[in-house]
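Student: Please find the sequence and the predicted model below.
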Amino acid sequence: MAPGMPIAVQSDEVPQLSPVVTAVSVAASMVGAVALPATPSSHPQPIYAIGDSWAAGLYADPTHALIQDAADDLGTTADVDGQSGSGYLVAPPGTATYPERATRIPAGPGAALVIVQGGSNDVQSDLSTLPDAVARTVAGIQAVRPHASVVLLGPGPDPWPVTGVQRQVDDTLAAEAANLGVRYISPLREGWFTADDVDDIIDPATHHPTAVGDAVLGAELAAELRNDAPRPQRPRTSAWLPSLPQRAARARRAGRPR
């Protein structure tokens, strides 16, 4: 989706952003597991991600969207294939669906963790076909990277408040991930957004994370990836809000422009 264009959950007018954006930082080891160690290693194992405009950093910093920020926090690297407007079922002109892109991941040892982010662009599609598309996505990844762990990262609110169909997509992704035996991380279920803080993370005018919001979401994702099991939902109060500029300041100190 090009800057200045209106945001739509599904649009035939959304062009492809740069297909692969790479963030490079200090490397850490990930040996075929979902949980990542905090201690750097001399043998980096980067993350590979497939996603939509949130993964592409649309309206923010494409080189430091949420996946790259999570990789920075973990001390590793990330190659992100973020294509605006795309999903498991939909692909505007110039983009490809997640099942199609899963088969195009470069073969070889590469990343030990593959993240598939999104799903919000599929809300206007026939959701009865979503489980099959998720299964084909995971199968495509496992065919190319048989030793990599696969994590599905569900959609955020697009827009807020979360609707019934957004919950349906989230529930479907969670159920299919369980069927396939892969990890599912749900920002909607795990309290990454509340009515008190959502406007500080997501620009209400674009329905996309700001640069500061990406730093916050990246920190949440990194925290989840450090653990084998999902964390319980964390209720937030207004006391959490001052941490937003604090995290932005930390990002600047790490060399990430905000």
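Tutor: Noted; the coordinates are in hand.
Student: all contacts plus neighbour counts: C-alpha atoms, from now on.
Tutor: OK.
Student: what's the first-to-last distance across stretch 77-90?
Tutor: By C-alpha to C-alpha, to the nearest Å, the extent of stretch 77-90 from end to end equals 28 Å.
Student: ah, wrong one, I meant stretch 153-161
Tutor: End to end - C-alpha to C-alpha - stretch 153-161 spans 19 Å.
Student: Sticking with the closest residue to P99 other than its chain neighbours, tell me its helix or strand.
Tutor: Leaving aside its chain neighbours, P99 sits nearest to T137 (4.0 Å; criterion: C-alpha to C-alpha, 6 or more residues apart in numbering). In this structure, T137 sits in helix 130-144 according to DSSP states H and E.
Student: So for that helix, what gets flagged as buried?
Tutor: 130-131, 133-142, 144 (16 or more other C-alpha atoms under 10 Å).
Student: any idea where the strands of the stretch 101-250 of the chain begin and end?
Tutor: Using DSSP state E, counting those that start in this stretch, the strands found in the stretch 101-250 of the chain span residues 113-117, 149-153, 183-185, 202-203, 208-209.
Student: Could you export these to JSON lines, including columns for mean pLDDT and distance to L89?
Tutor: Output for the strands of the stretch 101-250 of the chain, formatted as JSON lines (pLDDT from 0 to 100; distance: least, C-alpha to C-alpha, whole Å):
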{"stretch": "strand 113-117", "mean pLDDT": "97", "distance to L89": "13"}
{"stretch": "strand 149-153", "mean pLDDT": "97", "distance to L89": "15"}
{"stretch": "strand 183-185", "mean pLDDT": "97", "distance to L89": "18"}
{"stretch": "strand 202-203", "mean pLDDT": "88", "distance to L89": "24"}
{"stretch": "strand 208-209", "mean pLDDT": "91", "distance to L89": "20"}
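Student: residues touching the closest residue to I67 other than its chain neighbours, list them.
Tutor: Closest residue to I67 apart from its sequence neighbours, by C-alpha to C-alpha, 6+ apart: G218 at 6.0 Å. Counting by C-alpha atoms under 8 Å, 6 or more residues apart in numbering, G218 touches A65, L66, I67, Q68, D69, A70, A71, D73.
Student: What is the neighbour count of the fifth one?
Tutor: Residues lying near D69 (other C-alpha atoms under 10 Å) number 28.
Student: pretty sure it belongs to a helix, no?
Tutor: Yes: counting by DSSP: H, G, I helix; E, B strand; the rest coil, D69 is part of a helix.
Student: That one touches D214, doesn't it?
Tutor: Yes: using C-alpha atoms under 8 Å, D69 is in contact with D214, at 7.0 Å.
Student: Tell me which of the strands of the stretch 101-250 of the chain lies nearest to A49.
Tutor: strand 113-117 (4.6 Å; C-alpha to C-alpha).
Student: Provide the angle between the direction of the closest one and the direction of strand 149-153.
Tutor: Between the axis of strand 113-117 and that of strand 149-153 there is an angle of 20 degrees, by axes from the mean of the first three to the mean of the last three C-alpha atoms, to 10 degrees.
Student: what's the spacing between strand 113-117 and its chain's center?
Tutor: Centroid displacement of strand 113-117 relative to its chain, using C-alpha atoms, centre = their mean, to the nearest Å, is 7 Å.
Student: Just the buried positions in stretch 113-131, please.
Tutor: Applying 16+ other C-alpha under 10 Å to stretch 113-131 flags 113-123, 127, 130-131 as buried.
Student: low pLDDT regions in this structure?
Tutor: For the chain, the stretches flagged by pLDDT under 70 are 1-45, 109, 228-258.
Student: on that earlier part again, take the buried residues of helix 130-144 and lay them out in a markdown table including distance to G164.
Tutor: Below are those laid out as a markdown table (distance: C-alpha to C-alpha, whole Å):
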| residue | distance to G164 |
| --- | --- |
| L130 | 16 |
| P131 | 18 |
| A133 | 21 |
| V134 | 20 |
| A135 | 23 |
| R136 | 25 |
| T137 | 24 |
| V138 | 25 |
| A139 | 28 |
| G140 | 29 |
| I141 | 30 |
| Q142 | 31 |
| V144 | 35 |
